[in-house]
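Novice: quick check, what structure comes out for this input:
(one chain, ligands or ions: 2)
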Amino acid sequence: MQIDFLAKKKMPYCPGCGHHASNLNLAKALEKSGYNLLDVIIVSDIGCSGLIDENMACHTVHGLHGRVVALATGIAYALANKNKKVIAIQGDGGATIGLQHLLVAARRNVNMTLLVLNNNVYGMTGGQLSGLSNTSLKEKILHDEAYYPPFDITEMAYQSGAVYASKIMAKGEFSDKLGEAIKTEGFSVVEIIGPCPAYAYNSIKEMMELGYEEKVLTNTRPFVAPQFYERSSLFDSKNAIERQFSAKISNKLSILLGGSAGEGVQLAADLLAQAGLSCGLNNTKKGEYPITVGTGFSLAEVIMSNDPIYYTGIEKADVAIVTSQDGWEMVKSRVNEFTKLFVDETIDTGTVDYGVKLPFREKVGRKSAVLCAIAYWMSHSGVVPVDALVKTFAGHKHEEKLLEAVNTGISM
Ligand code: SF4
Ligand SMILES: [Mg+2]
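Specialist: Ligands and ions are numbered 1, 2, ... in the order given. The predicted model follows:
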């Protein structure tokens, strides 16, 4: 029975676009291949080449610009079923963006076929030149002497280890040429040269005068299916936190912790959030710090709530605990007179004259000051029991030091 791979005969392309011929020949090649519709997964890229999806009757997946090979690699590995066929399609723009993916997939011999529809321009975004643009087009568009020759994607894929790499012109009937690639076990690529009358060359005839050489390059690499190893889940090493305590939170409590890099702010926030979990609350924790993680501020936002938390940001904090000037600079715009504020006495809080100022840094050192201040707040407010906090670091390699900070905070 003849299987029709084209769901829609009417193509979405401009008149004269080379993608017509590529699509029709691909459908024909698949029809001759013996694959069923549900055995073929077409993975397409952003660009006019990616408009193919709606026309195909088999599975289609549409990805990010230039990332089609990475996406198709994941699908090919996940399937690991020789009876399925993964076909990735991208334009010369996408191939330029994702060149590294293409070369690595060829080197790894990923079991897929890649079609690069090379019309020399980024068509969908308005005719910009790509890394595969011919020098004659560069002369026309750039009016510049510095013309770099285009990458030869076919040659590069071959040199990287593709089992089958060919360059063909999008002219007439070429389904058998595509069929050769489709039946290859391992990585195969076909670069199809075709016109984009909207922005580049008007016809295939015009492109044939550019000196493109049709070629077929093959490596005799045996295809070896990827090996998969059993790995433990990240969750295997984590124990679920059981409810053991109770908190006095009527609805939601937002807590800001501010300090400096290397002062244990993120750890203290993690422990605080875990303490909230052990009280049966919903909790979120977000960390914020500069890219240069070893210097500057360190900020953490913890939200505890009886109800599900749909927004994890804190605009004005219910509680703010700040133990360094860096941290204060980040926190000061997010507190007001309703905020329970606890700051280290070394901090210049400017015009903010509310809150409690205590020598947390002096008492326990800069690395434990935030935890000490959290314990102070907990023990004086009774909102979350200090025992819940202590329980979170039982068995921690710095348990003794952490406990000392907590006990100091309680006694202040
Ligand atoms: S813009 Fe170019 S590539 Fe896109 S459909 Fe039109 S002719 Fe084809
Ligand atoms: Mg293009």
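
Novice: Ala70: what's it in contact with?
Specialist: Gly63, Gly98, His101, Ala105 (CB atoms under 8 Å, 6 or more residues apart in numbering). For the C-beta atoms, the positions are set from N, CA and C on the backbone; glycine is no exception.

Novice: just those now: which is nearest Glu288?
Specialist: When the contacts of Ala70 are compared for distance to Glu288 (CB to CB), Gly63 wins out at 30.4 Å.

Novice: tell me the residue of the stretch 51-200 of the chain that sits nearest ligand 2?
Specialist: Distances between the stretch 51-200 of the chain and ligand 2 by CB to the ion are smallest at Gly91, namely 3.4 Å.

Novice: what of the stretch 201-350 of the chain?
Specialist: When distances are taken as CB to the ion, the stretch 201-350 of the chain approaches ligand 2 most closely through Tyr201, which lies 11.2 Å from it.

Novice: and that residue, how many neighbours does it have?
Specialist: 25 (other CB atoms under 10 Å).

Novice: just say helix, strand or coil for it.
Specialist: When states are read from DSSP: H, G, I helix; E, B strand; the rest coil, the local structure at Tyr201 comes out as coil.

Novice: tell me the pLDDT of the residue of the stretch 51-200 of the chain closest to ligand 2.
Specialist: In the prediction, the pLDDT value recorded for Gly91 is 98.

Novice: restricted to strands, list the contacts of Ala70.
Specialist: Secondary structure defined by DSSP state E assigns none of those to strands.

Novice: isn't the residue of the stretch 201-350 of the chain closest to ligand 2 right next to Gly123, touching?
Specialist: No - under the criterion of CB atoms under 8 Å, Tyr201 lies out of contact with Gly123, with a separation of 11.5 Å.

Novice: hmm, back to that, which ones are touching the residue of the stretch 201-350 of the chain closest to ligand 2?
Specialist: Contact analysis of Tyr201 by CB under 8 Å, 6+ apart lists Asn119, Asn120, Leu137, Pro195, Met207, Leu210.

Novice: burial measure for the residue of the stretch 51-200 of the chain closest to ligand 2, as a count.
Specialist: Around Gly91 there are 32 other residues, counting by other CB under 10 Å.

Novice: what of Ser305?
Specialist: Other residues near Ser305 come to 17 when the count uses other CB under 10 Å.

Novice: show me what it is bridged to.
Specialist: Beta-bridge partners of Ser305, counted by DSSP bridges, are Lys252, Asn282.

Novice: got a list of what it touches?
Specialist: For Ser305, the contacting residues are Ile249, Asn251, Lys252, Leu253, Leu281, Asn282, Asn283, taking CB under 8 Å, 6+ apart as the criterion.

Novice: I'd like the distance between it and Glu329.
Specialist: 28 Å (CB to CB, to the nearest Å).

Novice: and the protein, what are its domain boundaries?
Specialist: Taking automatic domain parsing as the domain assignment, the record places the domains of the chain at 19-218, 241-411.

Novice: can those domains go into TSV with extra columns for distance to Lys10?
Specialist: As requested, those are arranged in TSV below (distance: least, CB to CB, whole Å):
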stretch	distance to Lys10
domain 19-218	8
domain 241-411	44
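
Novice: next helix or strand past the biggest helix by length in the chain?
Specialist: In the chain, with assignment by DSSP state H, the single longest helix is helix 19-33. Sequence order places strand 40-44 as the next helix or strand after helix 19-33, per DSSP states H and E.

Novice: the inter-axis angle of that following strand versus helix 19-33?
Specialist: What separates the directions of strand 40-44 and helix 19-33 is an angle of 160 degrees, with axes from the mean of the first three to the mean of the last three CA atoms, to 10 degrees.

Novice: what is strand 40-44 packed up against?
Specialist: Packed against strand 40-44, as judged by 3 or more CB pairs under 8 Å, 6 or more residues apart in numbering; DSSP states H and E, are the following elements: strand 59-62, helix 68-79, strand 85-91.

Novice: using PDB, write out every CA atom in the longest one.
Specialist: What follows is helix 68-79, C-alpha atoms only, in PDB (Å, rounded to 0.1, in the frame of the first residue of the first chain):
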ATOM      1  CA  VAL A  68      17.800  21.100  15.400                       C
ATOM      2  CA  VAL A  69      20.700  18.700  15.400                       C
ATOM      3  CA  ALA A  70      21.000  18.800  19.200                       C
ATOM      4  CA  LEU A  71      17.200  18.200  19.500                       C
ATOM      5  CA  ALA A  72      17.200  15.400  17.000                       C
ATOM      6  CA  THR A  73      20.200  13.800  18.700                       C
ATOM      7  CA  GLY A  74      18.300  13.600  21.900                       C
ATOM      8  CA  ILE A  75      15.300  12.100  20.100                       C
ATOM      9  CA  ALA A  76      17.600   9.600  18.300                       C
ATOM     10  CA  TYR A  77      19.200   8.500  21.500                       C
ATOM     11  CA  ALA A  78      16.000   8.300  23.400                       C
ATOM     12  CA  LEU A  79      14.400   6.100  20.700                       C
END
